[in-house]
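**Q** pasted the sequence and its predicted model underneath.
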Amino acid sequence: MAICLIPAVAQAVPDLYVAQKGTSSVAILDTGDNNTELANIPVQSDPAAVAVAPLGDPIFVANTASNSVSVLNSANKLIATVPVGSQPDAIAVTPGGVAAYVANAGEGDLTEIAVSGTTAVQTIAVGSDPDALAITPDTSLIFVANRASNSVSVVSTPLSATLTNIPVGQSPDAVVISPRGFTVYVANAVSNTVSVIDRPTRTVKDTIAVGQQPSGLALSPDGSTLYVANSGSGTLSLVDTATDTVTGTLSIGGQPEGLALSPDGSYLYVVEPNQNVVLVIDTATQTIRSTLGPFSDPTSTGTFVGPGDLIAIGTSVPQNIQNTPSQDSLGCSDVLGRARHFELVVPPKDGTVSISTISGIFTYIPNTNFSGEDAFAFRCVAAAGGPSPISNTATVSLLVTFEGNNASGSTAMGPFGLAGLALATLLAFTRRRSVRRNRPS
């Protein structure tokens, strides 16, 4: 089963998308108190993974046995079917929502799909049996877990080519990237470990022993806790990412696989294909809140989370000059029209940032003589409360250069640069999706 959370318009709660191999369909559930099934959409054979565009539309479903990707819209309609490579096992959408990448396990490559035209653009060779992938917040790199190669391919999206292959444990089966994008976690199903990859050096910096057959990963919004689904031992491992140590183990039974967190991190959705259900874990109490299902032969190859109705949108700011403060504006929108403020979730690694909580304008100051990549993460909070008052966590990626290497020649980013453009796009999309169908009460 692959699951994904996407926004709702009539209700301020996300939807849960469940891929069902037994019926070749996707069940769509409201994650409110009643967990109402909103629709069951037929797709092609053996749906195995679901990914949603960051703004909630479209939704992609990888069909392993049909060598295709079904494309749904937020009105729960099938709008396209895209032929891809052999045995598509995983799919992810770029943070900017421009492209989707599909891991074709049977061919050892990725298919790039243009979101705007829902058409396949090109293929990129990776390792053998690619089974999971994740995209960095700045969209520049894709990390692909190759089960048969015991490696992770690092793919450059600008070059459309594999830069290197990193050896990891046996049968890597899941990948997730930290909010700032500098650490990559890989679940090794046969080794019963998680490899921790340092993105700048592209090397494994640590290996964490977890339960048996880890096959699903999820990170808390602030990146401090890594959740590991151990399908061979019926447990969840909780990892402190500051120390890379297991701090707790939850026994939930069955064969847990795919994982997805609610946008605010309050609930962890755990796919349990052995019992055809999805468990809802309260992350604060670490207890099972409810059990959803039954579903029909659910399968899972990865986890994918989208925003709720209150949307924080990340961006890249490439024009930051060494030893010089720069300003830009954070993007946030709420289709319910609530007043909101901004909060810093993860600070930058090589500088400081101050955020105007009301306007969202931020000032970033790099550390003295620092040049290179930096990032921070933020979220929006609705002042009026109500359902889903906390947004997803979004990332702002920064590139600090010597003044002479600034491609644009400007001294600093204006207060409404790329983030302002992204916000304008978001607002236009918000108006468009407001015509979405009414929900059952």
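**A** Everything's here; your move.

**Q** from here on, contacts and neighbour counts on C-alpha atoms
**A** OK.

**Q** what's across from residue 225 in the sheet?
**A** Beta-bridge partners for residue 225, by DSSP bridges, are residue 240.

**Q** which residues does it contact?
**A** Contacts for residue 225 (CA atoms under 8 Å, 6 or more residues apart in numbering) come out as 219, 238, 239, 240, 241.

**Q** ditto for residue 376
**A** Contacts of residue 376 (CA under 8 Å, 6+ apart): 179, 180, 344, 345, 346, 347, 348, 349, 395, 396, 397.

**Q** do that again at 7 Å, thanks
**A** When contacts are counted by CA atoms under 7 Å, 6 or more residues apart in numbering, residue 376 is found next to 180, 346, 347, 348, 395, 396, 397.

**Q** how close does the last one sit to residue 146?
**A** Think residue 397. Between residue 397 and residue 146 the computed distance is 27 Å (CA to CA, to the nearest Å).

**Q** what residues sit buried inside stretch 250-257?
**A** Using 16 or more other CA atoms under 10 Å as the test for burial, stretch 250-257 gives 252, 253, 254, 255, 256, 257.

**Q** of those, which is the nearest to residue 278?
**A** Distance to residue 278, by CA to CA, is smallest for residue 256 among those, at 9.0 Å.

**Q** that closest one - that's part of a strand, no?
**A** No. Assigned with DSSP: H, G, I helix; E, B strand; the rest coil, residue 256 falls outside any strand and is coil.

**Q** returning to that earlier point: who has more neighbours, residue 397 and residue 146?
**A** More neighbours surround residue 146 than the other of residue 397 and residue 146, with 31 against 23 (other CA atoms under 10 Å).

**Q** burial measure for the nearest residue to the more buried one once chain neighbours are set aside, as a count.
**A** Excluding its sequence neighbours, the residue lying closest to residue 146 (CA to CA, 6 or more residues apart in numbering) is residue 130, at 4.1 Å. Residue 130 has 34 neighbours, counted by other CA under 10 Å.

**Q** same question, residue 159
**A** The local packing of residue 159 (other CA under 10 Å) involves 11 other residues.

**Q** what sits against it?
**A** Applying CA under 7 Å, 6+ apart, no residues qualify as near residue 159.

**Q** sec struct for it, please.
**A** Relying on three-state DSSP, one would call residue 159 coil.

**Q** how about residue 176, what does it touch?
**A** 134, 184, 185, 186, 217, 218.

**Q** how about low-confidence regions in the stretch 51-200 of the chain?
**A** Across the stretch 51-200 of the chain, nothing is flagged by pLDDT under 70.

**Q** tell me the domain ranges of the chain?
**A** Annotated domains of the chain cover 3-305, 310-418 [automatic domain parsing].

**Q** point out the most buried one among the ones you listed.
**A** domain 3-305 (a mean of 22; mean count of other CA atoms under 10 Å).

**Q** my read is that the residue nearest to residue 146 contacts residue 104, right?
**A** Yes. Judged on CA atoms under 7 Å, residue 130 makes contact with residue 104 at a distance of 6.4 Å.

**Q** quick check: neighbours shared by these two?
**A** Common contact partners of residue 130 and residue 104 (CA under 7 Å, 6+ apart): none.

**Q** check contacts around residue 89.
**A** So residue 89 contacts 48, 49, 62, 64, 103, 104, 105, 131, 301 (CA under 7 Å, 6+ apart).

**Q** kindly reformat those as CSV and extend each row with secondary structure and distance to residue 139.
**A** Converted to CSV, these look like this (DSSP: H, G, I helix; E, B strand; the rest coil; distance: CA to CA, whole Å):
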residue, secondary structure, distance to residue 139
48, strand, 24
49, strand, 20
62, strand, 21
64, coil, 25
103, strand, 16
104, strand, 20
105, coil, 22
131, strand, 20
301, coil, 21
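
**Q** want to try JSON lines for these, with distance to residue 376 as columns?
**A** Below are the contacts of residue 89 laid out as JSON lines (distance: CA to CA, whole Å):
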{"residue": "48", "distance to residue 376": "32"}
{"residue": "49", "distance to residue 376": "29"}
{"residue": "62", "distance to residue 376": "31"}
{"residue": "64", "distance to residue 376": "36"}
{"residue": "103", "distance to residue 376": "28"}
{"residue": "104", "distance to residue 376": "32"}
{"residue": "105", "distance to residue 376": "34"}
{"residue": "131", "distance to residue 376": "29"}
{"residue": "301", "distance to residue 376": "28"}
